[in-house]
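>>> coords please:
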Amino acid sequence: MPILAGYIPFTSVDWPDHITSAVFFQGCPLRCPYCQNKPLQGMEPLSGASSFEAFLAFLEKRKKVLSAVVLSGGEPLVQKDLREAAEQIKEMGFELALHTAGVNFERFKEVMPLVSWVGLDIKAPFDKYEKITCRKNVEQETLKCLTYLVERKLPFEARTTFDESLLTKEDILILAEDLKEKGVESYALQECRSFDETGVSVELKASWTQDEAFLLALKNIFPKIILRTEIGNL
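The predicted structure is shown next:
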């Protein structure tokens, strides 16, 4: 069975227009400097983490309240049993969404027949992926996942977390243009969160959220672009 870090009983922000539960799988091969879930990077279970069986028991009691589950992490695609886990949830009558950085295309293909929507993390312009992920050749897997979604016209959102200490506004505009050319229709730019030593979110001063020329340039590429900040969509 897959290794869980925990789950959120109810959420309205992880799958657009859906009230869901979100389950967080342990493990991620990437080492993005801004990661807000660093304790989930390793494969060892966290102290007090829920078991997959406990999560299924929770879902059994919530069938009349919930209709969907989001598979998140960490990175769900590191779990060898992800397909089996998805099948069990699906057999209970729940729709499935997937949050992923697309790090394993073969496992992505295995689970996609069960998934109704994908939130695909695009970390950076593809020639700068190693700088952001601290891993080599990840972009090749991500590109395969992106192509799979576009060619099959499956519902998904591409999203990028914008850390201004690592990427420039020009980087984001280049990436947005590239994604548009690749057939992406829904794109979200997310404000990078910062945390103190205790893990508490601290105030951000992201200049891009106040740069009207930059935002206008983005909207010229993606008229319905989603701009996410800690206080909601701009």
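>>> residues making contact with stretch 160-171?
With contacts defined as C-beta atoms under 8 Å, 6 or more residues apart in numbering, stretch 160-171 is touched by 32-34, 121-125, 128, 131-132, 172, 175, 187-192, 206-208, 211, 214. C-beta coordinates here come from the backbone N, C-alpha and C atoms, glycine included.
>>> and the gap between T160 and A188?
In this structure, T160 and A188 are 8 Å apart, going by C-beta to C-beta, to the nearest Å.
>>> which one's more surrounded, the two?
Legend: neighbour count by other C-beta atoms under 10 Å for T160 and A188, higher for T160 (22 against 18).
>>> in the sheet, who's paired with the more buried one?
Per DSSP bridges, the residues bridged to T160 are L189.
>>> per-residue confidence at it?
T160 is assigned 97 on the pLDDT scale.
>>> that's a helix at F55, yeah?
Yes - according to DSSP: H, G, I helix; E, B strand; the rest coil, F55 belongs to a helix.
>>> contacts only, for it.
L4, Y7, V23.
>>> ok, back up a step: list buried residues within the contacts of stretch 160-171.
32, 34, 121-125, 128, 132, 172, 175, 187-192, 206, 208, 214 (16 or more other C-beta atoms under 10 Å).
>>> on the three-state scheme, the residue positioned nearest the centre of the chain is what?
Nearest residue to the geometric centre of the chain (C-alpha atoms, centre = their mean): H99, 3.8 Å. Assigned by three-state DSSP, the conformation of H99 is strand.
>>> and if you look at the one 10 residues further on?
Secondary structure of K109, reduced to three states by three-state DSSP: helix.
>>> that one: neighbour count?
Using other C-beta under 10 Å: K109 sits among 13 other residues.
>>> L154 now?
13.
>>> rewinding a little: just send the contacts of F55 back as CSV, with pLDDT and distance to E84 too.
Output for these, formatted as CSV (pLDDT from 0 to 100; distance: C-beta to C-beta, whole Å):
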residue, pLDDT, distance to E84
L4, 94, 14
Y7, 95, 17
V23, 97, 14
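>>> so where's the protein shaky on pLDDT?
194-205, 230-234 (pLDDT under 70).
>>> how about the strands in it?
4-11, 20-25, 68-73, 95-100, 117-121, 156-162, 187-191, 194-195, 201-202, 226-229, 232-233 (DSSP state E).
>>> which among those strands is found nearest to K38?
strand 194-195 (9.1 Å; C-beta to C-beta).
>>> which residues touch the residue nearest to the centre of the chain?
Counted by C-beta under 8 Å, 6+ apart, H99 has contacts D14, V70, L71, S72, G73, P76, V118, G119, D121.
>>> perfect, I'm done here.
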